[in-house]
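# 3D, please:
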Amino acid sequence: MTGQSLRDRQRAQIRADIRRAAFRLFIENGYDAVTTEEIAAAAGVSPRTFFRHVPTKEEVLLAPVRHGGTAIVNLLEQRPATESPDVALINAIITRTRSFDQADIEEWRKALLVAPDVLGKLTMVTAGDKERAAKLVAARMGANPDTDIRPGLLVQLAFAAGDYGFQRWVRQSRNRRPLDRYVTEALDAVKSPHWKRKRTLSRRSGVTGSTV
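Numbers count the residues shown, from 1 in each chain. Below you'll find the model as predicted:
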């Protein structure tokens, strides 16, 4: 049997209700002025239920991207083998960015604006996600990530660019474009022939081969 169980769907609904209630209260009253008890009451759950699903008020704002890095790495794994390392990673990040519901992320953006300290902590990826992504990128490069700096460096730069594009989208107050436009523009700066599989010319045979 595939798909979520009834219990999983119920848990996801409770978390969504808490998130929407919190965003609304943050926007109306300011992040610091809102208590977890007020969020629980607005979401129609008990404080105990609130803490069962969300450990802190801060986590409400961080949760939407908490597993974003894992999703991106899974998407990277599925990208066509013909794509260069940088293009594959960039496309995975953009695909994940476009998966957000526009109405939901607009309310999330407004809530983040009244919690600048939390916004500064927001990142889509964990150290474990970066390590896994670097191995996948290294395979596309034909490189050893332990001896070649490029796989890890590309992953660091791409995720940093994605985070920066997101931060720009949140803070932009005039002439705002869709989120994926900001992220795409930031990631375009990461594209370079430097990330492609290196090739060398054998002096003896004149045969071109790849280096690792």
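# Now do the contacts for residue 43.
14, 17, 18, 20, 21, 22, 50 (CB atoms under 8 Å, 6 or more residues apart in numbering). No exception for glycine: its C-beta is placed from N, CA and C like everyone else's.
# Of those, which belong to helices?
14, 17, 18, 20, 21, 22, 50 (DSSP state H).
# where does the residue nearest to the spatial centre of the chain fall, phi/psi-wise?
Centroid check for the chain by CA atoms, centre = their mean gives residue 124 as the closest residue, at 3.0 Å. Main-chain dihedrals, residue 124, degrees, to the nearest 10: phi -90, psi 0.
# Okay, the nearest residue to residue 53 once chain neighbours are set aside and residue 39: tell me how far apart.
Using CB to CB, 6 or more residues apart in numbering and skipping residues adjacent in sequence, the residue nearest residue 53 is residue 15, 5.2 Å away. For residue 15, the distance to residue 39 (CB to CB, to the nearest Å) stands at 12 Å.
# next one: residue 53
Applying CB to CB, the value for residue 53 to residue 39 is 11 Å.
# Pick out whichever of these two has more residues nearby.
The neighbour count for residue 53 versus residue 39, taken as other CB atoms under 10 Å, is higher for residue 39 (23 against 19).
# now, among the ones in helices among the contacts of residue 43, which is nearest to residue 84?
When these are compared for distance to residue 84 (CB to CB), residue 20 wins out at 40.1 Å.
# Counting neighbours, what do you get for the closest one?
By other CB under 10 Å, the residues close to residue 20 number 17.
# shouldn't it be in contact with residue 107?
Yes: with contacts counted by CB atoms under 8 Å, residue 20 reaches residue 107, the gap being 7.3 Å.
# All the helices of this structure, in order from the start?
6-29, 36-43, 47-53, 57-62, 68-78, 85-97, 102-113, 116-119, 127-141, 150-171, 179-188.
# now the angle between helix 36-43 and the longest one, please.
Spelled out, that is helix 6-29. 110 degrees (axes from the mean of the first three to the mean of the last three CA atoms, to 10 degrees).
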